[in-house]
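**Q** I'd like to go over a predicted model; first the sequence, then the structure.
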Amino acid sequence: MSTPERTAVRPQTAALRLRPWQQFTLLGALSMFAPLSTDMYLPALPSVQHDLSASATAVTLTLTSSLIGLGAGQLIAGPLSDAFGRRRPVLAGLAIYTVASVLCALAPDVWTLTVMRLIQGAANAAAPMPPSSVRRSRRGK
């Protein structure tokens, strides 16, 4: 009795193939989201305080909420990345991050801004995960 011939089934892959320098650039850009979200925001804190007529403490809370969202988002993005692969969580995170950024710009008060920065931070957590996992897989660890 013969056994059925087994053929390797290849998973669907993206039609886009990136060269090594393009991969390096893309992974570098994804790694920059979290630091840029903080570093570009810090100099604007006095302006935000003035524009929203809020206290310094309330405006500082927007930065804290973003960092809390970033930490909590990693607890969500990690298992999602394991379950669905790297691409889907990153694309979803970038889409949510973009929408949250626009809503941050349109926030009428500091409390809306605080909630949007929390969502922005949580969405931002999906972006740095692929570069770190690619780095680990390239090292063989």
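**A** Great, that's in hand.

**Q** show me the shaky parts of the chain.
**A** Low-confidence segments of the chain (pLDDT under 70): 1-16, 129-141.

**Q** in it, where's the longest helix?
**A** If you go by DSSP state H, the chain has its longest helix at helix 56-84.

**Q** that one packs against which elements?
**A** helix 20-39, helix 45-51, helix 87-105, helix 110-124, helix 129-139 (3 or more CB pairs under 8 Å, 6 or more residues apart in numbering; DSSP states H and E). Using the backbone N, CA and C atoms, a C-beta is placed for each residue, glycine as well.

**Q** count of neighbours near the residue lying closest to residue 74 once chain neighbours are set aside?
**A** Spatially, and ignoring its direct neighbours in sequence, residue 74 is nearest to residue 125 (4.5 Å; CB to CB, 6 or more residues apart in numbering). Applying other CB atoms under 10 Å, we find 23 residues neighbouring residue 125.

**Q** if I read this right, residue 125 contacts residue 92, doesn't it?
**A** No. At 11.3 Å, residue 125 does not count as touching residue 92 under the criterion of CB atoms under 8 Å.
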